[in-house]
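Q: Generate a structure from the sequence data that follows.
(chains A and B)
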Amino acid sequence: MSTTAMEFDPRIQEAQVLPPPHWVEGHPSLAQITDDIARPMEGRPGKGWWICFGIACLGLLDLVGMVTWLIAKGIGVWGLNNSVGWAFDITNFVFWIGIGHAGTLISAILLLFRQQWRTSINRSAEAMTIFAVMCAGLFPAIHMGRPWDAFFIFPYFPNQRGPLWVNFRSPLVWDVVAISTYFTISLVFWYLGMVPDLATLRDRAKGGIKKFIFRVLSLGWNGSHRTWARYEITSLVLAGLATPLVLSVHSIVSMDFATSLVPGWHTTIFPPYFVAGAIYSGFGMVLTLLIITRQTMHLERYITMQHLDKMAKVTMFTGMIVSYAYATEFFSAWYGGNLYERYHFINRATGPYAWCFYLMVLCNVITPQMLWPRKIRSSVAALFIVSILVNIGMWFERFVIIVVSLHRAFLPSGWGMFYPTKIDVGVLVGSFGLFFTCFLLFIRFLPMIAMWEIRGVAGHGAYKMALSSDDDEEQKQEEAVIA
Amino acid sequence: MTASHLTSSPVYGLMAEFETPTDLVHAAKGAFEAGYRKMDTYTPYPLEEAAEAIGAHHNRVPLICLIGAILGMCGGYSLEYWVSVVNYPINVGGKPFHAWPAFIPVTFECAILGASLATVFGMLALNGLPQPYHPVFNSPNFVRASRDRFFLCIESQDPKFRLDDTRRFLQDFHPSEITEVPY
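A: Coordinates of the predicted model:
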């Protein structure tokens, strides 16, 4: 017991020969990490934040106005017609759900793969998931025509409509269950991950209402080792559950289309194709958000160029899967020999909506190829432009899948065109308003970087390498021999 | 137990504060070897070594997760079966009432939902959260346990706990501060 830190020092130096990868720039102390991350929440927000927030609030106001008008007048104010019964609404729904998937991928799948670079970005990516799923959930509800009856889609008990239940053999009901499960789990995962940080904020708060709120939210967390042990197991288990969940959610979304007979929808490739597209678009959005946050909140030390580089690589990889899926769709249309399927794909590339198709190819097939040179991956401006293009491309992908398939169905007598109205565009813009308002409030009032996880990887992790138990025993034996 | 009652003043325990995780693990190991059992470390991030030093025990979170998954799975499938076959059998496109392949997605989602919620609430229950009051917060510098300091608290409930001896014992590990934690 007489030897203290001396016993460990030599091995700590040994560990520095092979340093663990660094995901935080410089060597901030534990106190400094806490201060840096808590600063945006404790000070007053800068001009950049106010400008963004003002624009986002205008978008939100637009959404409220448009949706009110829509509910008052009915969905005829959209450009929908008998041929094209699903258009902007379902496009937006699939788009927003897809955005959410990158958050779960970062927080769950990368946790299972022990990718430590996720620690700086997982919290904001999870927040993004929640806000994106909120935006997504809005669209099926307002598309119902009678949104006040939206609860009919949930099986509930006691059922006061007599024996009148949802049809569990329909993918639309699977979708309801999948999305609500996904939202619940994402919310729980996000909140639970925040509890230790809320405890930090509670301990930092001087008093008043802020302290009270953080006291309640942090559940009396004290950081004892028993709590931490159960907490870490819980995180792992939740990550293990969220991984198949996220894959199932977009698979089920794709089944809304794939189980129908409409040419362009009725293919078995849809589930993996949709999941890859979701991750691709989600990483595009994560890049957009983190570049904005990093610049406006001055967190360059924690969201480093290495992080942006990694995300760019995932974007490029999933972009190529998406490109491959496009090629496969065309190949099977040609090789499958189905007249309607073949016509659909010819129409996709040469019909009235061909410009949407080419825009989609430009953004989703060609843009990711731009990310090969390191120069582009290390330029914030270039990455920002790429991320915006990815978002545009993926929105148009869903538009092409949904509208182009519907406007030329089997019978020429049922053919038609869809032209968006002002309300269509207004609701789409408004959903961005809702999303960004929520996100900006989040980065203002909650810790947008997981402080406790950063503490673990910020170089203090060297301790773990230095102290594996085998080394410890060897050292003791050596000491015994010397003695 | 009687001995501890005789010697202990109304304190929850002795709290030693360390500046580095290395010092904390060292002290925790020392205390464990010296026979102390009722103690806890408080750290700003999970420190597996500290848990191991004190003698980590298995935890029951994964079992709770499994039970939740099974309940969710059975609940989901039963609901679908009862709704589609018993309470409201309706012919949709000639599909059988008990179309088990079509029931799988919802069953799967319910299993995930049951497992996740059981895990989270199970973890909170095992940890005794939410916890409105805990004596460790009476220690004046304890606010730094969620920031940059590492704490070891030997509780007065421990049979080996003697206020003076334990204080002397902890002193050997050169903590930056030792405080008595009142109830």
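
Q: where do the strands sit along chain B?
A: B:11-18, B:39-42, B:150-155, B:177-182 (DSSP state E).

Q: ok, and which of the ones you listed has the densest surroundings?
A: Most buried of the strands of chain B by mean neighbour count (mean count of other Cβ atoms under 10 Å in any protein chain shown) is strand B:150-155; its value is a mean of 27. From N, CA and C alone the C-beta is placed, and that goes for glycine too.

Q: now that one: mean pLDDT?
A: Here strand B:150-155 scores 86 as its mean pLDDT.

Q: And the pLDDT for residue 87?
A: I'll assume chain A. Note on residue A:87: pLDDT of 89.

Q: My question was about chain B, not that one.
A: pLDDT at residue B:87 comes out at 86.

Q: same check, this time on residue A:25
A: 72.

Q: now residue A:363
A: Residue A:363 is assigned 92 on the pLDDT scale.

Q: Could you report the neighbour count for the residue lying closest to it once chain neighbours are set aside?
A: Closest residue in space to residue A:363, ignoring its immediate chain neighbours: residue A:393 at 2.4 Å, by Cβ to Cβ, 6 or more residues apart in numbering or on different chains. Look at residue A:393: counted by other Cβ atoms under 10 Å in any protein chain shown, it has 25 neighbours.

Q: Need the phi and psi values for residue A:393.
A: phi -60, psi -40 (degrees, to the nearest 10).

Q: still on that earlier bit, just send the strands of chain B back as JSON lines, with distance to chain A too.
A: Converted to JSON lines, the strands of chain B look like this (distance: least, Cβ to the nearest Cβ, whole Å):
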{"stretch": "strand B:11-18", "distance to chain A": "10"}
{"stretch": "strand B:39-42", "distance to chain A": "5"}
{"stretch": "strand B:150-155", "distance to chain A": "8"}
{"stretch": "strand B:177-182", "distance to chain A": "12"}
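
Q: Just the strands from the stretch 351-483 of chain A, written as ranges.
A: Per DSSP state E, counting those that start in this stretch, the stretch 351-483 of chain A carries no strands over any range.

Q: Give me the below-cutoff pLDDT ranges for it.
A: Within the stretch 351-483 of chain A, the stretches with pLDDT under 70 are A:458-483.

Q: Now do the helices in chain B.
A: Under the criterion DSSP state H, chain B contains helices at B:2-7, B:21-33, B:48-54, B:61-81, B:100-126, B:163-171.

Q: would you list those helices in JSON lines and tack on mean pLDDT and distance to residue B:87?
A: Listed next are the helices of chain B as JSON lines, based on pLDDT from 0 to 100; distance: least, Cβ to Cβ, whole Å:
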{"stretch": "helix B:2-7", "mean pLDDT": "45", "distance to residue B:87": "61"}
{"stretch": "helix B:21-33", "mean pLDDT": "84", "distance to residue B:87": "58"}
{"stretch": "helix B:48-54", "mean pLDDT": "78", "distance to residue B:87": "50"}
{"stretch": "helix B:61-81", "mean pLDDT": "93", "distance to residue B:87": "10"}
{"stretch": "helix B:100-126", "mean pLDDT": "93", "distance to residue B:87": "15"}
{"stretch": "helix B:163-171", "mean pLDDT": "82", "distance to residue B:87": "65"}
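
Q: Number of residues surrounding residue A:95?
A: Residue A:95 - counted by other Cβ under 10 Å - has 27 other residues nearby.

Q: which SS state does residue A:124 fall under?
A: helix (DSSP: H, G, I helix; E, B strand; the rest coil).

Q: Against residue A:44, how distant is the residue nearest to it when sequence neighbours are not counted?
A: Spatial nearest neighbour of residue A:124, excluding adjacent residues (Cβ to Cβ, 6+ apart): residue A:448 at 4.9 Å. Using Cβ to Cβ, to the nearest Å, residue A:448 is found at 16 Å from residue A:44.

Q: neighbour count winner among the two?
A: A direct count of neighbours by other Cβ under 10 Å for residue A:448 and residue A:44 places residue A:448 higher, at 25 against 8.

Q: The more buried one reaches residue A:440, doesn't it?
A: No - using Cβ atoms under 8 Å, residue A:448 is not in contact with residue A:440; the gap is 10.5 Å.

Q: related to what we said a few turns ago, reformat the strands of chain B as CSV; add distance to residue A:275.
A: Shown next, in CSV, are the strands of chain B (distance: least, Cβ to Cβ, whole Å):
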stretch, distance to residue A:275
strand B:11-18, 47
strand B:39-42, 41
strand B:150-155, 42
strand B:177-182, 51
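
Q: Out of the ones you listed, which gets nearest to residue A:455?
A: Closest approach to residue A:455 among these (Cβ to Cβ): strand B:150-155, 11.1 Å.

Q: could you say what helices and strands the closest one packs with?
A: strand B:11-18, helix B:21-33, strand B:39-42, helix B:163-171 (3 or more Cβ pairs under 8 Å, 6 or more residues apart in numbering or on different chains; DSSP states H and E).

Q: Low-confidence stretches in the stretch 1-150 of chain A?
A: Residues of the stretch 1-150 of chain A meeting the criterion pLDDT under 70: A:1-22, A:26.

Q: Residue of it closest to chain B, please.
A: residue A:30 (3.5 Å; Cβ to the nearest Cβ).

Q: burial count for that residue?
A: 22.

Q: Leaving out chain neighbours, which residue sits closest to it?
A: That would be residue B:148: by Cβ to Cβ, 6+ apart, it lies 3.5 Å from residue A:30.

Q: list the contacts for the residue in the stretch 151-300 of chain A positioned nearest to chain B?
A: Closest to chain B within the stretch 151-300 of chain A is residue A:220: 3.3 Å, counting by Cβ to the nearest Cβ. Contact partners of residue A:220, counting by Cβ atoms under 8 Å, 6 or more residues apart in numbering or on different chains, are B:129, B:130, B:131, B:132, B:133, B:134.
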